[in-house]
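Chemist: the following block contains a protein sequence and its predicted model.
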Amino acid sequence: MTESDRLSPEQLRTLFLFESLDESQLTWLSERGRVEQRAGGSDVYREGEPATCFFVVLSGAVTLSRGLHGDDIEVNRTDQRGVYAGATQAYLGDRVDQVYPNTLRAVSDAEFFVLPADEFAVAIRTWFPMALHLLEGLFFGTRAANTLINERERLLALGSLSAGLTHELNNPAAAAVRATEALRDRVAGMRHKLALIADGRLDGTRLHSLVELQDAAVKQAAAATPLPALAAADAEDELGDWLDEQGVVNAWDLAPALVAGGIGLPWLSTVAEAVGDEHLDSAVRWLAYTVDTELLMGEIDDAVTRVSDLVGAAKQYSQLDRAPQQTVDVHALLDATLTMLRAKIPPTVRVVKEYDLTLPRIPAYGAELNQVWTNLIDNAVDAMSGTGTLTLRTWRDGERLLVEVGDTGTGIPPEVRPRIFEPFFSTKAVGEGTGLGLDISYRIVVNKHHGDIRVDSRPGDTRFQVCLPITPEPDESVSARTV
């Protein structure tokens with residue numbers, strides 16, 4: 001290895017990672033490390049490959065990414081000299097898999113100080129024995145704690161959403177079951193009355209007219225507009241009195257179905273003329289069954305449509321069968337999230353949507369943005385303690401799209417506001433939250449989407465604003481001491 005392939009001890013001291021080492025330690029690193037170049041756009045190493053080297057950036061811009069379901073997700077981007085990555089866990093030896101946990105890629109032509117993993121491990125063990133024990137404890141303790149906490153966070157979110165979705169699905173499903181049971185009775189009654197009408201006592205012409213009236217009743221019921229409660233009660237009284245005068249038995253049981261189907265006295269008079277007074281009872285009862293059957297089928301159709309809409313919202317929320325990154329409509333994502341959280345939003349909380357429908361679709365990770373909306377809306381509802389106004393706003397600010405979630409709750413105290421995005425920090429009671437919701441939201445918006453999330457809060461008016469780029473920003477750099 002030539003002198004041009006090495007860094008001198010003086011050059012190594014200019015890197016923040018090595019600035020406190022003594023001369024002998026710097027000399028040791030200088031003799032064992034080397035300088036390497038990578039062309040822009042090339043991979044320095046790939047996730048899952050054997051971790052053979054420890055890399056320190058000397059110049060150029062780099063990105064760090066993780067694989068998720070076959071897609072590379074960028075988690076950091078920087079051009080700061082001295083940041084490091086690679087075999088950072090070499091000191092743990094064979095107690096962990098010695099593979100690269102991520103992919104390091106050169107965005108521009110880049111230069112690195114490279115130290116073999118086994119040499120890096122020797123340096124850590126030899127020079128920092130106390131720190132080694134502390135790091136080992138921190139690594140394994142943190143890994144175990146994070147596993148438990150992340151699993152609990154996911155289970156809590158899944159349980160909450162599942163309970164809400166189950167509640168929402170139960171209502172239309174139960175309505176469909178009730179309507180089906182009633183429909184079975186109505187169809188049986190209609191068959192019985194048709195047999196009485198068609199047993200030879202009604203001539204063919206009148207029977208043909210009655211069938212035509214049945215078709216007309218079906219169309220009228222399908223197009224009927226529900227009357228206000230008082231108007232419907234008056235119409236039922238009028239219709240019941242007329243039917244009772246005509247000798248129709250139990251007229252009060254038939255009147256509600258006929259009125260709901262848009263049937264009035266003029267139409268019933270036509271029926272009486274078509275079948276005659278002696279067959280009016282059976283004919284009206286048969287037509288009432290027909291109208292009621294049509295209304296019940298409408299209820300079933302409405303219930304099944306609601307179930308389908310809920311399933312569609314769940315699919316939109318989870319972004320099933322879709323690429324992790326795609327072009328999304330933020331309004332569709334917000335609406336899907338509201339549907340999933342409908343059971344958690346009390347009827348005393350008013351939901352206001354102020355959408356700018358001219359906004360373009362943006363490239364984003366749809367399922368993860370839905371996680372952000374869930375955290376913000378859930379927190380807003382909790383802050384209002386059952387009553388208030390939840391407001392969702394969207395607008396454009398230059399090349400940025402803004403989504404605001406506002407509530408009229410008690411607000412965030414000024415003394416805790418700087419800490420709300422810290423992991424494990426929570427203002428909720430013990431057992432009610434893990435303190436990871438806003439931390440996860442911050443990392444999704446800032447790290448993955450190169451956006452911003454901020455809060456403005458005072459009693460009665462708290463607003464979380466999520467700022468997202470309308471177009472990707474490949475040149476954005478984020479300073480960090482580790483990549």
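Modeler: Yep, it's here. Numbers count the residues shown, from 1 in each chain.

Chemist: I444: neighbour count?
Modeler: Burial measure for I444: 22 neighbouring residues, criterion other C-beta atoms under 10 Å. For glycine as for every other residue, the C-beta is placed from the backbone atoms N, C-alpha and C.

Chemist: D356 contacts L392, doesn't it?
Modeler: No: using C-beta atoms under 8 Å, D356 is not in contact with L392, being 11.3 Å away.

Chemist: these two: which is more packed in?
Modeler: More crowded of D356 and L392, by other C-beta under 10 Å: L392, with 23 against 13.

Chemist: what sits against that one?
Modeler: 334, 338, 351-355, 377, 403-406 (C-beta atoms under 8 Å, 6 or more residues apart in numbering).

Chemist: mind running it again at 6 Å?
Modeler: L392 makes contacts with 334, 353, as judged by C-beta atoms under 6 Å, 6 or more residues apart in numbering.

Chemist: sheet-wise, list the partners of the helix or strand hosting it with their directions.
Modeler: According to DSSP states H and E, L392 maps onto strand 388-397. With DSSP bridges as the test, strand 388-397 is paired with strand 349-354 (parallel), strand 400-407 (antiparallel).

Chemist: so E212 is in which element?
Modeler: helix 204-223.

Chemist: look up how far A51 lies from F18.
Modeler: F18 sits 20 Å away from A51, going by C-beta to C-beta, to the nearest Å.

Chemist: what does H449 give?
Modeler: From H449 over to A51 (counting by C-beta to C-beta), the distance is 29 Å.

Chemist: likewise for K353?
Modeler: Counting by C-beta to C-beta - K353 and A51 are separated by 49 Å.

Chemist: list the strands paired with the helix or strand encompassing L115, with their directions.
Modeler: Element membership of L115, judged by DSSP H and E, is strand 110-116. Partners of strand 110-116 in the sheet, by DSSP bridges, are strand 34-38 (antiparallel), strand 53-59 (antiparallel).

Chemist: for it, give the mean pLDDT please.
Modeler: Here strand 110-116 scores 95 as its mean pLDDT.

Chemist: and it, what's buried?
Modeler: Neighbour counts using 16 or more other C-beta atoms under 10 Å place 110-116 of strand 110-116 among the buried residues.

Chemist: can you say which of the strands paired with strand 388-397 is nearest to S42?
Modeler: Checking those against S42 by C-beta to C-beta gives strand 400-407 as the closest, at 31.4 Å.

Chemist: how about the CA coordinates for the closest one, as PDB?
Modeler: Only the C-alpha atoms of strand 400-407 are listed here, as PDB (Å, rounded to 0.1, in the frame of the first residue of the first chain):
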ATOM      1  CA  ARG A 400     -44.600  21.700  -0.900                       C
ATOM      2  CA  LEU A 401     -47.900  20.100   0.000                       C
ATOM      3  CA  LEU A 402     -49.200  20.800   3.600                       C
ATOM      4  CA  VAL A 403     -51.600  18.600   5.600                       C
ATOM      5  CA  GLU A 404     -52.800  20.100   8.900                       C
ATOM      6  CA  VAL A 405     -54.600  18.200  11.700                       C
ATOM      7  CA  GLY A 406     -56.200  20.600  14.100                       C
ATOM      8  CA  ASP A 407     -58.200  20.100  17.300                       C
END
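
Chemist: contact partners of that strand?
Modeler: 330, 359, 362, 376-377, 380, 383-384, 390-391, 393-395, 462-468, 470.

Chemist: just the ones of those residues in helices?
Modeler: Within those, residues falling in helices by DSSP state H are 330, 376-377, 380, 383.

Chemist: how many neighbours does Q98 have?
Modeler: Using other C-beta under 10 Å, the number of residues around Q98 comes to 17.

Chemist: and for the one 5 residues further on?
Modeler: Around T103 sit 22 other residues, with neighbours defined as other C-beta under 10 Å.

Chemist: more neighbours: which of K353 and A51?
Modeler: Counting neighbours by other C-beta under 10 Å for K353 and for A51 shows that A51 has the greater number, 20 against 13.

Chemist: from V99, how far off is the more buried one?
Modeler: Taking C-beta to C-beta, one finds A51 at 5 Å from V99.

Chemist: again with E238
Modeler: Distance of E238 to V99, given as C-beta to C-beta: 82 Å.

Chemist: could you do A233 as well?
Modeler: According to C-beta to C-beta, A233 and V99 sit 75 Å apart.

Chemist: measure Y442 to I453 for me?
Modeler: Distance from Y442 to I453, counting by C-beta to C-beta: 6 Å.

Chemist: so these two - more neighbours on which side?
Modeler: It is I453, of Y442 and I453, that has more neighbours when counted by other C-beta under 10 Å, with 21 against 18.

Chemist: write down the beta-bridge partners of that one, one by one.
Modeler: Note on I453: beta-bridge partners by DSSP bridges are V466.
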